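Undergrad: Predicted structure and sequence below. I'll ask about it afterward.
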Amino acid sequence: MCYNKLRIYMYVVMGKGGVLFMRQSEVKKRAEDFCIQNNIKTYPVEIVRICNENGLKVFEEYLDSEVSGLIVVDEKVWKKYNTNKFILVNLAELATRRRFTIAHELAHYILHRKGNSLYAHRDMVCNDVFKSGIEQEANYFAANILMPETLINEKIEDLKSGTWGKLPDFVLVREIADHFAVSETAAEVRLKQLGLI
């Protein structure tokens with residue numbers, strides 16, 4: 001894959017003037033609406049199926065070690081993938097990380113694309129350039145669709161009503177990570193966002 005092309009595509013999307021960022025409440029509302037529209041009511045969320053239903057194919061292959069994933073929306077079909085809209089994730093990363101990367105790239109598609117214009121976005125493991133803007137929006141959207149607040153609360157109530165009672169934070173993090181098929185880091189961040197730990 002030619003990553004120089006991706007830099008050009010990113011410029012087309014971002015433009016000279018940069019990107020306007022959304023408020024966290026707007027990202028949350030859009031994620032909640034997306035969950036309703038896509039009938040997300042159970043966990044773990046079937047993120048690949050949801051991408052497919054939204055017109056995005058998902059592929060896994062070994063990428064450069066600093067690339068977690070990327071999304072491409074193009075006017076022409078890419079022969080290798082037999083589509084013009086796809087997410088590509090790094091097979092070298094753990095399955096839980098790949099799931100989050102897929103949701104993150106889907107977030108860019110939902111939040112940041114402009115029509116069906118030429119678009120590509122590549123996420124670097126050490127990408128600090130947009131951490132304060134579109135990357136945080138995509139992470140927050142991804143967390144909201146992989147771990148919807150209502151499903152998190154239901155699972156916590158379920159755990160409390162069992163023999164667990166009050167759970168230590170580290171146990172709660174592990175339980176949420178296991179049930180929602182996300183990393184413990186992602187679960188911990190989400191539980192902190194919700195004020196549950």
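TA: Thanks, I have it. This is a predicted model, so every value here is computed, not measured.

Undergrad: quick one: the helix or strand residue 159 falls within to chain centroid distance?
TA: Remark: residue 159 resides in helix 149-159, with elements defined by DSSP states H and E. Once both centres are worked out by CA atoms, centre = their mean, to the nearest Å, helix 149-159 turns out to sit 21 Å from its chain's centre.

Undergrad: mind listing what's buried in it?
TA: 149, 151-152, 155-156, 159 (16 or more other CB atoms under 10 Å). All C-beta atoms are positioned from the backbone trio N, CA, C, and that covers glycine.

Undergrad: Okay, buried residues for the helix or strand following that helix please.
TA: As assigned by DSSP H and E, the chain's next helix or strand after helix 149-159 is helix 169-180. Within helix 169-180, the residues scored as buried using 16+ other CB under 10 Å are 172-173, 175-177, 179-180.

Undergrad: Looking at these, spot the one nearest residue 110.
TA: Nearest to residue 110 among the buried residues of helix 169-180 is residue 180, at 19.6 Å by CB to CB.

Undergrad: looking at it, the closest one is touching residue 42, isn't it?
TA: No - using CB atoms under 8 Å as the test, residue 180 is too far from residue 42 to be in contact (10.4 Å).

Undergrad: Let me see the mean pLDDT of the lengthiest strand in the chain.
TA: The single longest strand within the chain, with elements called by DSSP state E, is strand 67-78. Strand 67-78 shows a mean pLDDT of 90.

Undergrad: That one packs against which elements?
TA: The contact analysis (3 or more CB pairs under 8 Å, 6 or more residues apart in numbering; DSSP states H and E) places strand 67-78 against helix 3-14, strand 83-90, helix 95-112, strand 119-124.

Undergrad: what are the pairing partners of that strand, and which direction each?
TA: Next to strand 67-78 in the sheet, as set by DSSP bridges, lie strand 83-90 (antiparallel), strand 119-124 (antiparallel).

Undergrad: So, low pLDDT: which residues of the chain?
TA: Counting by pLDDT under 70, the chain has low-confidence residues at 1-20, 115-132, 163-164.

Undergrad: so how far does stretch 154-165 reach from one end to the other?
TA: Its first and final residues considered, stretch 154-165 spans 14 Å by CA to CA, to the nearest Å.

Undergrad: and the gap between residue 175 and residue 25?
TA: Computed as CB to CB, to the nearest Å, the residue 175 to residue 25 distance reads 28 Å.

Undergrad: cool, and residue 97?
TA: Distance of residue 97 to residue 25, given as CB to CB: 27 Å.

Undergrad: Ok, residue 39 next?
TA: In terms of CB to CB, residue 39 sits 23 Å off from residue 25.

Undergrad: likewise residue 105?
TA: 23 Å.

Undergrad: the more surrounded of these two?
TA: residue 105 (27 against 8; other CB atoms under 10 Å).

Undergrad: My guess is that one contacts residue 70. True?
TA: Yes - at 6.9 Å, residue 105 counts as touching residue 70 under the criterion of CB under 8 Å.

Undergrad: Next, the contact list for residue 83, please.
TA: Shown in contact with residue 83 (CB atoms under 8 Å, 6 or more residues apart in numbering): 57, 77.
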